[in-house]
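K.L.:
pasting a predicted model and its sequence here:
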Amino acid sequence: IPGVVEFALSLFFCKFVAYTFIYWLPYYLGHVGFPAETAGYLSIFFDLGGIPGGVLAGIISDRLGKRGIVIYIYLALTIPSLYVYRLITEGLGASSIWVHVVLMLFLGGLVNGPYALITTAVSADLGQHASLKGSKAMMATVAGIIDGTGSVGAAAQGLVIGWLSSSCEGWDSVFDALGF
């Protein structure tokens, strides 16, 4: 089915970045100077940004009728946003909590928008392909392939980010990998 591999790989990287922020953001915020408790609370805003990010991605893709373009634009905007986030937060440290909140909301929307779109509407669209002849079992298989590939990305981030943050150039190498 055309698109399954492409969207599965896109979800791999979306989940890689999303789970990196879910698991490593409190640690990173501690690195820039926040106390552990504050860093834990602040990291919530990355996930909260995913709510409007996913809704907006869905609305735009429904209006355009082109989910792939919406996902591409979101992901293309994510790359420079990761670098901007790193530069600003490293420079600010723990001095301006609201700047951190706004940046996390924005970045969370960019990362989690395509994630939500791929796991829902894209999987459903691909499950309607004519070659499946309306088979609900095959529709579930398509969704499973896409989400399973994404889950590999979610699992891989723990190994990759742990190794990068401790053995290379620290957080610079982590953000370089996320932008890749």
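P.N.:
Okay, I see it.
K.L.:
what element comes up after the helix or strand harbouring S123 heading to the C-terminus?
P.N.:
If you go by DSSP states H and E, S123 is part of helix 123-126. Sequence order places helix 136-167 as the next helix or strand after helix 123-126, per DSSP H and E.
K.L.:
show me what that next one is packed up against.
P.N.:
helix 4-31, helix 123-126, helix 171-179 (3 or more CB pairs under 8 Å, 6 or more residues apart in numbering; DSSP states H and E). Just so you know, the C-beta spots here come from the backbone N, C-alpha and C atoms, and that holds for glycine as well.
K.L.:
buried stuff in the second one?
P.N.:
Of the residues in helix 123-126, those buried by neighbour count under the rule 16 or more other CB atoms under 10 Å are S123, L126.
K.L.:
so which elements touch it?
P.N.:
Identification of packing neighbours for helix 123-126 by 3+ CB pairs under 8 Å, 6+ apart yields helix 4-31, helix 136-167.
K.L.:
buried deepest among those helices, which one?
P.N.:
helix 4-31 (a mean of 21; mean count of other CB atoms under 10 Å).
K.L.:
which residue lies farthest from the center of this protein?
P.N.:
K133 (32.3 Å; CA atoms, centre = their mean).
K.L.:
hmm, who's touching the helix-or-strand element of the chain with minimal mean pLDDT?
P.N.:
Ranked by mean pLDDT, DSSP states H and E, the weakest helix or strand in the chain is helix 123-126, scoring a mean of 77. Helix 123-126 is contacted from outside by I1, G3, V4, F7, R67, M139, V142, A143, I146, D147, using CB atoms under 8 Å, 6 or more residues apart in numbering.
K.L.:
please redo it, this time with the cut-off set to 7 Å
P.N.:
With CB atoms under 7 Å, 6 or more residues apart in numbering as the test, helix 123-126 has contacts from I1, G3, V4, F7, R67, V142, A143, I146.
K.L.:
need those in CSV (columns: distance to L48).
P.N.:
Listed next are those as CSV, based on distance: CB to CB, whole Å:
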residue, distance to L48
I1, 34
G3, 30
V4, 31
F7, 25
R67, 23
V142, 30
A143, 26
I146, 25
